[in-house]
Structure formats: C-alpha cells, structure tokens
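Enquirer: 3D, please:
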Amino acid sequence: MGRFTNKVVLVTGAASGIGEAAARRFGLEGASLVLVDQNGEGLRKVADGIEAVAVLAEVADLSNASRCEAAVKAAVDRFGCLDVLVNNAGKDHLGKVDEGDIADFSTVIETDLYGVFYMTRFALPHLRASRGCIVNISSVSGLGGDWNHSFYCAAKGAVTNFTRAVALDEARNGVRVNAVNPSLVYTPFTANMQDQPELVAKFNERIPMGRGANPEDISGVIAFLASEDAHFVTGVNLPVDGGLTASNGQPRLS
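Expert: Sure, this is the predicted structure:
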C-alpha cells in the first residue's frame, strides 16, 4: 500500500518498540521518515535498517523544549513539510505516590506529557499548512487507574484529554488529532513485566483475546488513524487492548 507516498512522518521514541514498528509501517507505505529518540545508538540502528523513501534521524531528549523545536525544524528543513506527527516517546515509574524520589514524578511528566505538548506546539504550524494529523500514544492507563503506576497514569490521563482538547481547537484548521491507548505491549518498555510469568498469566487472563499485543498490533492502528481512511475521525482515544476495556471488571465465569 502507498497511503503515505509523498508524506513526511515524524515519529518520536522511534529507537524501539511501538515507535520502531510505526516507523517501519509508515516506511513500507511510502513515507519519508523523521525518527526521533534520545537513544542515539538504537536510533541509528533502526534508521539504517528501515525501508523508506528517505530517513532522517534526530537524537533528542523530548523533555527539553528547545530540542523538540530543533527536531521539528530539522524535519521541515530536510523535507520541506510535515504531514504526520506520532507522539510515542514515554517513560514509566513503578511505585506508589510516596515511594521513590519526588524527581521521579517530574521525569515521567516531562517526557510523557511535556514532550507531547512541545512536539505538538512546534509541529502545528506545519501540520496546519499540510492539513496533516497527530497520533498520540496514550495508554489504557490514561483511561482508567492502574495499580502502582500513579505517575504514569497522571501523565497518560493528561495526554488522553489533551488529545481531545487539541482536536477541538484544530478541527477547523484541517488538523486531526487522535490517540491510541494500548494495554500490555511486548516491547523493551515492558521487559520487567515480561520477566514475570505469573504477572503475564494474569494479563492473559484479563485480556479477552488472551495475550498482550505485539508492536505491529499497534502500528497498524496508528497508520490507520494517520491515513486518509480516517479522514473524518478526530478527538478519539482508541483502546487497542484485545478487549480489556470492554469489561466492567467482573471476573470471567466460564
């Protein structure tokens, strides 16, 4: 398919996991890519091994506003426009509110929320010009609470509603804004969870489809929301969770 032929797509957190899978999907569908991550070595490996019309790799810490602005500028300087922004980069923290350092909260918020805000703010003038779109990667933890992840829930809950608000503001400017809300995805981001078979079994029991997602399960939905196939879809937070959020929380009876 060539849904993104002659389109420029910027993906943050592109060095691994969902971001890498999204970049590969957009590349296969004809996009020119701008890949952004603070992991320079991982980013270069992805950029060197990806199939796309053209690839630009930008190393950036997305908690830094000036680095976000520079990444968007580099994209436009190289390709002349920007059509799609995928805000994927994120960090997590395991623990209760009174556990760990207070600075841990700032670290999660600055990447997971501020990074989305910065990239959106600097990309919007170019997306208005191209009548492009934004796909944010939120989480089911941004739709409901999660045990021992209050910092992450705070950030992703904000991203979820930020998505709705920016979609309202930008609809008349021709910019669509949506989010994907995954549950457990088998990526380096969740490696510590995957190393606990009993925990994975609990997820598999709760998820109606019986397993966590692979990155490719998410990247196809990202590409759909970014494509003309979704031209009348904006302000949506779409759970991609194997049916997890379809449940009211009561136990399975059979």
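Enquirer: need the three-state assignment for Asn136.
Expert: Following DSSP: H, G, I helix; E, B strand; the rest coil, we place Asn136 in the strand state.
Enquirer: tell me the spacing between it and Leu113.
Expert: Distance from Asn136 to Leu113, counting by C-beta to C-beta, to the nearest Å: 10 Å. In this view, the C-beta of every residue, glycine as well, is placed from N, C-alpha and C.
Enquirer: more crowded one of these two?
Expert: Asn136 (26 against 19; other C-beta atoms under 10 Å).
Enquirer: for the more buried one, give me its contacts.
Expert: With contacts defined as C-beta atoms under 8 Å, 6 or more residues apart in numbering, the neighbours of Asn136 are Val86, Asn87, Val116, Val159, Phe162, Thr163, Val177, Asn178, Ala179, Val180.
Enquirer: and with 6 Å instead?
Expert: Asn136 makes contact with Asn87, Val116, Val159, Thr163, Ala179 under the criterion C-beta atoms under 6 Å, 6 or more residues apart in numbering.
Enquirer: which SSE is the nearest residue to it once chain neighbours are set aside in?
Expert: Spatial nearest neighbour of Asn136, chain neighbours left out: Ala179 (4.1 Å); criterion: C-beta to C-beta, 6 or more residues apart in numbering. With elements taken from DSSP states H and E, the one containing Ala179 is strand 176-182.
Enquirer: from the chain's centroid, how far away is that strand?
Expert: With C-alpha atoms, centre = their mean, to the nearest Å as the basis, strand 176-182 stands 8 Å off its chain's centre.
Enquirer: same check, this time on stretch 157-174
Expert: From the chain centre to the centre of stretch 157-174 is a distance of 15 Å (C-alpha atoms, centre = their mean).
Enquirer: ok, which stretches of this structure are strands?
Expert: In the chain, the segments counted as strands under DSSP state E are 8-12, 32-37, 55-59, 84-87, 133-137, 176-182, 237-240.
Enquirer: tabulate these (a markdown table), appending distance to Asp146 and mean pLDDT.
Expert: Formatted as a markdown table, the entries for those read as follows, by distance: least, C-beta to C-beta, whole Å; pLDDT from 0 to 100:
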| stretch | distance to Asp146 | mean pLDDT |
| --- | --- | --- |
| strand 8-12 | 22 | 98 |
| strand 32-37 | 25 | 98 |
| strand 55-59 | 31 | 97 |
| strand 84-87 | 20 | 98 |
| strand 133-137 | 16 | 98 |
| strand 176-182 | 12 | 98 |
| strand 237-240 | 14 | 97 |
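Enquirer: any chance of those strands in TSV, plus distance to Ala155?
Expert: Listed next are the strands of the chain as TSV, based on distance: least, C-beta to C-beta, whole Å:
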stretch	distance to Ala155
strand 8-12	14
strand 32-37	18
strand 55-59	22
strand 84-87	12
strand 133-137	11
strand 176-182	13
strand 237-240	14
